[in-house]
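Visitor: would you be able to build a 3D model of this:
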Amino acid sequence: MPASPAPNERIADLVSILGEADARELAQLFLASLNPLRLELSSGDRVRASRAAHSLKSSSQQMGLARMAGRMAQLEQRLLQIDGVVTDADLDAVASELSDAEATLRPFAGPGQPAGS
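Guide: From the prediction side, this is the model:
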């Protein structure tokens, strides 16, 4: 069964620029990065969490996930402060955002893993 069409305008733009196969591979790479980055956010290390928030912000923007990118931008800004921390409420909200991202992108990306992984 073929994968679904692009789930948003940003992904459609990627398809038109890169081609469908490469856009799907980018979506697969993004999805594969979610759990490791979630673990970094929950590590208790402010620097690691800040890097993970930055990475999720940037990659979410590329995937057309504006709400998730916005949440990560806010978290990143807080973590740049010397007393910035990731709270349990943050982790719950991130878990919800990651679940939404998975639901949005998985049908497009398909069940496969990106080449070379």
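Visitor: work out for me the element the residue lying closest to His54 once chain neighbours are set aside sits within.
Guide: Excluding the flanking residues, the one nearest His54 by C-beta to C-beta, 6 or more residues apart in numbering is Glu76, at 5.2 Å. In this view, the C-beta of every residue, glycine as well, is placed from N, C-alpha and C. Using DSSP states H and E, Glu76 sits in helix 66-79.
Visitor: what's the next helix or strand after that helix in contact with?
Guide: As assigned by DSSP H and E, the chain's next helix or strand after helix 66-79 is helix 88-109. Defining contact as C-beta atoms under 8 Å, 6 or more residues apart in numbering, one finds that helix 88-109 is touched by 3-8, 11, 24, 27-28, 30-31, 34, 38, 41-42, 60, 63, 65, 67-68, 71, 75.
Visitor: 7 Å - rerun?
Guide: Here helix 88-109 makes contact (C-beta atoms under 7 Å, 6 or more residues apart in numbering) with 3-4, 6-7, 11, 24, 27-28, 30-31, 34, 38, 41-42, 63, 65, 67-68, 71, 75.
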